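A.B. asks: Could you work out the structure for the sequence below:
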Amino acid sequence: MSELRPAWSNQFTTDARRELRAFGPLASITRAWAWGESSGRGVRVAVIDSGVESNHPWLDDCVKGGVIVEYDGRRKEGVKITDDPNPRDLFGHGTACAGIIHKLAPDAEIYSVRVLGKDLTGRAFQFAGGLRWAIQNGMHVMNLSLSTSKQEYYGLFHEIADEAYFKNILLISAVNNIPAPSYP
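C.D. replies: Numbers count the residues shown, from 1 in each chain. From the prediction side, this is the model:
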């Protein structure tokens with residue numbers, strides 16, 4: 001029997017765009033197509049975004065908690081982290097991401113890490129604080145739909161990405177919507 005791998009795990013390059021059309025519309029991507037019998041049981045996923053609406057009907061009871069990470073220049077680490085037992089989403093993006101994760105891994109536990117405001121803005125220290133919270137709280141996967149293009153933060157995020165790597169935490173990071181270097 002061959003090794004079970006997600007269908008989209010092959011390396012993507014701009015030269016491979018034509019091959020993507022062969023997969024068909026996004027609606028045809030199902031959990032069974034991507035993962036076979038895997039359900040996500042025992043996996044803790046941090047959705048680092050605008051929050052996750054914990055009572056959304058499509059999420060069932062997969063949202064197990066969350067935090068709000070706010071900028072606070074008076075603190076050494078630059079952020080204040082508050083437990084959020086009933087997470088809310090200020091924009092809807094984090095909930096959409098959580099819905100995709102839940103559909104593909106219905107038994108995974110999802111944690112909301114709200115680092116963005118209602119206008120989808122935030123600060124690098126909030127983002128870094130959310131990543132550190134996920135590492136310190138035993139997440140297995142960190143889903144990031146954000147990054148920074150400010151070079152002065154590359155070192156900070158590189159250190160955090162290294163820490164996650166050495167703790168076997170998977171970072172899933174989107175590319176920037178603008179064709180410019182960004183991190184992570």
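A.B. asks: and stretch 89-103, average pLDDT?
C.D. replies: For stretch 89-103, mean pLDDT is 94.
A.B. asks: how far is it from where the chain is centred?
C.D. replies: Per C-alpha atoms, centre = their mean, to the nearest Å, the displacement of stretch 89-103 from the mean C-alpha position of its chain is 10 Å.
A.B. asks: cool, stretch 107-127 as well?
C.D. replies: 9 Å.
A.B. asks: what do you get for stretch 52-59?
C.D. replies: That offset, for stretch 52-59, works out to 16 Å (C-alpha atoms, centre = their mean).
A.B. asks: So which bits of that stretch are buried?
C.D. replies: Burial within stretch 52-59, assessed by neighbour count using 16 or more other C-beta atoms under 10 Å, is assigned to Val52, Glu53, Ser54, His56, Leu59. C-beta here means a position set from N, CA and C on the backbone, and glycine is covered the same way.
A.B. asks: So which of these sit within helices?
C.D. replies: Using DSSP state H, no member of the buried residues of stretch 52-59 falls in helices.
A.B. asks: Nearest to Ser145 among these?
C.D. replies: Val52 (11.8 Å; C-beta to C-beta).
A.B. asks: Looking at strand pairing, list the partners for the residue most central in space within the chain.
C.D. replies: Closest to where the C-alpha atoms of the chain average out (C-alpha atoms, centre = their mean) is Asn143, at 1.2 Å. Beta bridges link Asn143 to Val47, Ile172, judged by DSSP bridges.
A.B. asks: What score does it have for pLDDT?
C.D. replies: Listed pLDDT for Asn143 reads 98.
A.B. asks: The one 3 residues further on too?
C.D. replies: According to the per-residue confidence, Leu146 scores 90 in pLDDT.
A.B. asks: Tell me, how many residues neighbour it?
C.D. replies: 19 (other C-beta atoms under 10 Å).
A.B. asks: Quick one: the strands in this structure, in order.
C.D. replies: Ranges of strands within the chain are 44-49, 63-71, 79-83, 109-114, 141-144, 170-173, based on DSSP state E.
A.B. asks: sorry, back to before: which member of the buried residues of stretch 52-59 is positioned nearest Ala124?
C.D. replies: The shortest gap between Ala124 and any of the buried residues of stretch 52-59 belongs to Val52, at 21.5 Å (C-beta to C-beta).
A.B. asks: quick one: that closest one and Trp58, what's the gap?
C.D. replies: According to C-beta to C-beta, to the nearest Å, Val52 stands 11 Å off from Trp58.
A.B. asks: Let me see the ranges of the helices in this structure.
C.D. replies: Taking DSSP H as the test, the helices found in the chain are 17-20, 31-35, 93-104, 124-136, 154-166.
A.B. asks: Can you work out which other helices and strands pack against the last one?
C.D. replies: Here helix 154-166 touches helix 124-136, strand 170-173, going by 3 or more C-beta pairs under 8 Å, 6 or more residues apart in numbering; DSSP states H and E.
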